[in-house]
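Q: only geometry, no sequence info:
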C-alpha cells in the first residue's frame, strides 16, 4: 500500500518539483479541475474534490506514519483538494448558466492566487488546522484555504459584475 499512498500523496511525483512544490500541486489541479468540469460539470468537480480529500487523508496518514514530519513538502494532494474547492464557484456558475468555464478565466487566476495566498499565510482557522500535527490537519488546512479562496472568488465576481456592472 505504501507505493500507492506515495503516488497519491505526491500526485504522481509532482510534489518533488522545486521550487515551491505546493504551488506546483495547485497548478496541477487547474487542468484536472477543467477536465472534471468538461466531463461532468459541477457535480464531477465536487466529487473530485471530495475524492481528493478522502484519498489524500489516507495517503498522508500512510506517508507520515512513524515520521516526525507530519507535513513533508512533497505531499501535495492537499493542495489539489483545496484548489479544486477554490474552483467550485466557477464550475457551478458555468454549469448553471451555460457559460463556457474558460470564459471566466479571470476567476481562474483569482482562485489560484487566493488559494495560494491563504495556504501560505494560514490566517485564522487555516493555521489552527495546520497546527493539528496530523494527517487530517494536513488536508483540512488546504480545504479551509480552498473555501476561503472560493468565497473570495464569489466576492470578486460580485464586485466586478454587480457593483461595477461589467
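A: Yep, that arrived. If you're wondering where the values come from, they're calculated on a predicted model, not measured in any experiment.
Q: so which elements touch the longest helix seen in the chain?
A: When the chain is parsed with DSSP state H, its longest helix is helix 21-64. Here helix 21-64 touches helix 2-9, helix 77-97, helix 105-121, helix 135-157, going by 3 or more Cβ pairs under 8 Å, 6 or more residues apart in numbering; DSSP states H and E. C-beta here means a position set from N, CA and C on the backbone, and glycine is covered the same way.
Q: please identify the deepest-packed of those.
A: helix 77-97 (a mean of 25; mean count of other Cβ atoms under 10 Å).
Q: any weak-confidence spans in the protein?
A: 1, 165-166 (pLDDT under 70).
Q: about what we covered before: can I get the helices and strands packed on helix 21-64 in JSON lines with distance to residue 46?
A: Listed next are the helices and strands packed on helix 21-64 as JSON lines, based on distance: least, Cβ to Cβ, whole Å:
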{"stretch": "helix 2-9", "distance to residue 46": "19"}
{"stretch": "helix 77-97", "distance to residue 46": "7"}
{"stretch": "helix 105-121", "distance to residue 46": "15"}
{"stretch": "helix 135-157", "distance to residue 46": "11"}
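Q: before we move on, the earlier item: how far away from the center of its chain is the longest helix of the chain?
A: 7 Å (Cα atoms, centre = their mean, to the nearest Å).
Q: just want the angle from it to helix 2-9.
A: 150 degrees (axes from the mean of the first three to the mean of the last three Cα atoms, to 10 degrees).
Q: in contact with residue 87, which residues?
A: Counting by Cβ atoms under 8 Å, 6 or more residues apart in numbering, residue 87 makes contact with 29-30, 33, 37, 45, 108, 111, 150.
Q: let me know the closest of these to residue 80.
A: Distance to residue 80 across these (Cβ to Cβ) is lowest for residue 29, with 4.4 Å.
Q: what is the neighbour count of that closest one?
A: 31 (other Cβ atoms under 10 Å).
Q: hang on, it packs against residue 77?
A: No: using Cβ atoms under 8 Å, residue 29 makes no contact with residue 77, being 9.7 Å away.
Q: by how many degrees do the longest helix of the chain and helix 135-157 diverge?
A: Using the same axes, to 10 degrees: helix 21-64 against helix 135-157 is 150 degrees.
Q: how deep is the nearest residue to residue 76 once chain neighbours are set aside tucked in, by neighbour count?
A: Nearest non-adjacent residue to residue 76, counting by Cβ to Cβ, 6 or more residues apart in numbering: residue 25, 2.8 Å away. By other Cβ under 10 Å, the residues close to residue 25 number 27.
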